[in-house]
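Participant: A predicted structure for the sequence below; I have some questions about it.
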Amino acid sequence: MAEAERIIGTPHTPEPAGAGPEQSDAGTKAARDAGNTASAESSGDDASQAAAERPRGKRRIAVLFGVALFAYALDLISKMLVVAKLEHHPPIEIIGDWLKFEAIRNAGAAFGFGEAFTVIFTVIAAAVIVVIARLARKLYSLPWAIALGLLLGGALGNLTDRIFRSPGVFEGAVVDFIAPKHFAVFNLADSAIVCGGILIVLLSFRGLDPDGTVHKD
């Protein structure tokens with residue numbers, strides 16, 4: 001009897017399987033589902049960020065065109081008053097000899113430079129307006145919106161003179177009237193262009209781009 005038990009032996013109990021095919025497939029599916037979930041969450045975060053950026057971009061564009069409209073309107077109204085009240089009249093002293101209002105017609109660029117290239121300056125002003133309009137689509141920086149708005153308003157102000165004032169279309173002379181002592185006579189559009197340009201230089205030195213990102217050289 002003992003010999004028979006020795007020969008037959010104790011019944012073999014199978015060990016628990018390790019990573020069988022079914023468990024391996026289940027693990028792969030779980031990992032894939034986790035990856036899909038993480039990807040979906042990442043996509044959701046990107047979509048939420050993009051949705052948050054759109055209103056901010058629209059506000060910056062509104063600031064750009066608001067500043068441009070203000071600068072343009074101020075320049076236009078000042079020139080209308082100068083033509084109506086000051087042209088063909090003696091200069092008005094504001095601060096003695098240091099600052100006067102004196103109406104002159106300028107066929108050149110800002111501050112009276114390049115009077116022989118009126119048409120070229122007209123084309124440049126139009127090109128500046130187009131470039132600013134294209135930049136507005138990627139604008140997310142408030143300081144850049146203000147700077148570009150000043151440039152746009154000033155360019156529109158002088159371009160209006162180039163188109164509608166004598167001696168002809170695209171050759172019109174710009175109305176200047178701010179006359180500091182020992183300096184060229186200019187107008188509010190010139191001031192807006194210079195201020196916008198200075199602000200752009202400062203922003204570039206700080207590494208701030210129009211899209212709101214900051215780069216370091």
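Facilitator: Right, received. Where do you want to start?
Participant: So residue 69 is in contact with residue 150, correct?
Facilitator: No: counting by C-beta atoms under 8 Å, residue 69 stays clear of residue 150, with 11.5 Å between them. Just so you know, the C-beta spots here come from the backbone N, C-alpha and C atoms, and that holds for glycine as well.
Participant: Skip the chain neighbours and tell me the closest residue to residue 105.
Facilitator: By the measure of C-beta to C-beta, 6 or more residues apart in numbering, the closest residue to residue 105 outside its immediate chain neighbours is residue 173, 3.7 Å from it.
Participant: And that neighbour, its phi and psi?
Facilitator: Note on residue 173: its backbone torsions stand at phi -90, psi 140 [degrees, to the nearest 10].
Participant: what's it in contact with, if anything?
Facilitator: Residues in contact with residue 173, defined by C-beta atoms under 8 Å, 6 or more residues apart in numbering, are 105, 106, 107, 118, 161, 165, 166, 167.
Participant: make it 7 Å
Facilitator: Neighbouring residues of residue 173 by C-beta atoms under 7 Å, 6 or more residues apart in numbering: 105, 106, 107, 161, 165, 166.
Participant: Please pick the buried ones from those residues.
Facilitator: Among these, those that count as buried by neighbour count (16 or more other C-beta atoms under 10 Å) are 106, 107, 161, 165.
Participant: buried residues in the helix or strand in which the third one is found?
Facilitator: Under DSSP states H and E, the secondary-structure element containing residue 161 is helix 142-164. Within helix 142-164, the residues that qualify as buried by neighbour count (16+ other C-beta under 10 Å) are 143-162.
Participant: which stretches of the chain have low pLDDT?
Facilitator: Per-residue confidence for the chain (pLDDT under 70) gives these ranges: 1-56, 108-119, 216-217.
Participant: swap the cut-off to 90 and go again
Facilitator: Counting by pLDDT under 90, the low-confidence segments of the chain come to 1-58, 96-97, 106-129, 133-138, 162, 166-173, 183-184, 209-217.
Participant: ranges for the helices of it?
Facilitator: For the chain, applying DSSP state H gives helices covering 2-8, 21-85, 118-135, 142-164, 188-206.
Participant: Go through the contacts of residue 173 and name the one nearest residue 61.
Facilitator: residue 161 (26.3 Å; C-beta to C-beta).
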